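S.K.: Generate coordinates for the sequence data below:
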Amino acid sequence: NTYPNPAVGCVLVEHRDDDIDIEGNNDNDKDNDNENVFKWHQKVPIPSYLIALVVGSLQSREVGPRTRVWSEASVVDQAAYEFHQTEEFIQHAEAIMDQEYVWGRYDLVCLPPSFPYGGMENPCLTFVTPTLLTAQAKTLQDGTVQFEKGRELVSVIAHEIAHSWTGNLITNHTWEHFWLNEGWTVWLERKIMARVHSPEYFDFDAITGWNALKDSVDEYGKDHHFTCLKPCLDRVDPDDSFSSVPYEKGFNFLYYLSRVIGEGPFETFAQAYVQKFKYKTVTTEEFCSFFRQYCAARSLDISQVDFDAWINEPGMPTVTPKFDDSLSSSSVDLAQAWFDINRMNKSNYKDNDNDGCKNNNAALERIQNLPDVSTWTSAQMVVMLEKLLDILAEAKESFTIVTLDQMGEQYQFNTSRNAEVRFCWQTLCIRSEGEFCLPCVETFIKEQGRMKFIRPLYRELYRSKFGKTKAMKWFVEWRSNYHPIAQKMVAKDLEISD
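M.R.: You can find the predicted model right below:
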């Protein structure tokens, strides 16, 4: 399972009048006045899916000793501001895995909004989406631009950095073993961010991931084989199986193993895993065999682990994790408070007329006494909205338009710059048949093409009473602006046959 070639090289010949720079390990020669020849050599062996080129009118900014951020002139300064912690993340990953970063450069390119993923871990030059940018730009008197706040979604950068060990240095043998790329990477990402923030952050983010896993299982159905950790992809388009399952079910399997043998011993195992399989591909069976051998050699009892259930059974894991909820409890409490406020507003219903629902004095008083969230992170607000969606789904209820108006005004959700907040808020509005949200939804799904956001929003619109026609219309209008993979997947979601 070693990579077949010791290194990868390519030659790019460009015919143009001006010089450009190409990122990576390269040499630049000029054959004549109108032809630039760029020779790129990747000394570290990689699988073919990690080879990528980005070509455009790009500028770069140095943000660390081995990192530049690249993007178009209108974006590059904000991207550099947002991603300034990159070197810190790399150093944490090196310490956790006890393995140096082997790729030399770690640069990032912030791509145009149609990029369909949060990030792609191409060695030496990670591709990322501009939906990670949340800072506010302020123009000073001298004309310079200063950025404020933001840096709210940089865990995606930590995730892509983590792939430099789990995914790029060690790679799943086939896509049926994709969880070995993503489950490990989520584990390492959360370890990195826990070092940056606090140990409690690991569990806080894991709770969010557990909720995402539940959403994916609900979307497929609990018995669907795509919800298995190692699904059968024979004669299946792998894009159809893409979800949070390999990420979060994979992470929870690893987290469970760490609870069985202890967190410290598991970190030591993670280091041994890297040394055992680096520069190779790995299967689920090889991983399990190595884990058993490792534990047996150290007299670590793993008799309680049901490997077959974790790997081959569909649906949610049979073992529910117990995460520390100290950082998420306030979000859960606020979600419950808004659920109660909504029920107060519903008491003013007239013949179940949502639009006719008037403000309830008790509800208004409750809103005035809600906790101050001015110091909350955007992640805490996202957890609150996600929990509220869960509570409403379990109760088979929806928000009244009055409650939506109250919440939107209270937290200024309609003007948020944070893509995760916008997504959760718009999902809540659509599920509550809040037709007023259509302009905001249309703007959001047309200004970016990240599948994490556009696919669920199109599905929610398609299932709603008011949004099906709009979803079909907008997709037909905007389809050519999306990445081909996004076009294909949204068309399936909307049952549009090509």
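S.K.: elements contacting the helix or strand hosting residue 489?
M.R.: Of the helices and strands defined by DSSP states H and E, residue 489 is found in helix 484-493. Contact here means 3 or more CB pairs under 8 Å, 6 or more residues apart in numbering; DSSP states H and E; on that basis helix 484-493 packs against helix 451-463. Glycine gets a C-beta too; all of them are placed from N, C-alpha and C.
S.K.: Residues contacting the helix it packs on, please?
M.R.: 116-118, 131, 419, 422-423, 426-427, 430-431, 441, 444-445, 448, 467-468, 470-472, 475, 482, 485-486, 489-490, 493-494 (CB atoms under 8 Å, 6 or more residues apart in numbering).
S.K.: Let's see that with 6 Å instead.
M.R.: The contact list for helix 451-463 (CB atoms under 6 Å, 6 or more residues apart in numbering) reads 116, 423, 427, 430, 445, 467-468, 471, 486, 489-490, 493-494.
S.K.: Repeat that for stretch 48-67.
M.R.: 68-70, 73, 76, 80, 84, 86-87, 105-107, 109, 122-123.
S.K.: among these, which two are most distant?
M.R.: Farthest pair in these (CB to CB) is 73 and 123. Separation: 25.8 Å.
S.K.: more crowded one of these two?
M.R.: A direct count of neighbours by other CB atoms under 10 Å for residue 73 and residue 123 places residue 123 higher, at 24 against 9.
S.K.: and that one, how far is that from residue 107?
M.R.: To residue 107, residue 123 is 10 Å away according to CB to CB, to the nearest Å.
S.K.: Going along the chain from the longest helix belonging to the chain, find the next helix or strand for me.
M.R.: Counting residues, the longest helix found in the chain (DSSP state H) is helix 199-220. Using DSSP H and E, the next helix or strand after helix 199-220 towards the C-terminus is helix 250-261.
S.K.: Next, the contact list for the residue most central in space within the chain, please.
M.R.: Centroid check for the chain by CA atoms, centre = their mean gives residue 118 as the closest residue, at 5.5 Å. By CB under 6 Å, 6+ apart, the residues touching residue 118 are 129, 156.
S.K.: measure the nearest residue to residue 273 once chain neighbours are set aside to residue 195 for me?
M.R.: Sequence neighbours aside, residue 290 is the residue nearest to residue 273 in space, at 6.8 Å (criterion: CB to CB, 6 or more residues apart in numbering). Residue 290 sits 26 Å away from residue 195, going by CB to CB.
S.K.: now do residue 481
M.R.: Counting by CB to CB - residue 481 and residue 195 are separated by 39 Å.
S.K.: Which one of the two is surrounded by more residues?
M.R.: Set residue 481 next to residue 195 and count neighbours by other CB under 10 Å: residue 195 wins out with 19 against 15.
S.K.: check contacts around the more buried one.
M.R.: Residues in contact with residue 195 (CB under 6 Å, 6+ apart) are residue 92.
S.K.: Distance of it relative to residue 261?
M.R.: From residue 195 over to residue 261 (counting by CB to CB), the distance is 21 Å.
S.K.: Ok, residue 447 next?
M.R.: Distance from residue 447 to residue 261, by CB to CB: 46 Å.
S.K.: between the two, who's got more neighbours?
M.R.: Looking at residue 447 and residue 261 with other CB under 10 Å, you find the greater number of neighbours at residue 261, namely 19 against 12.
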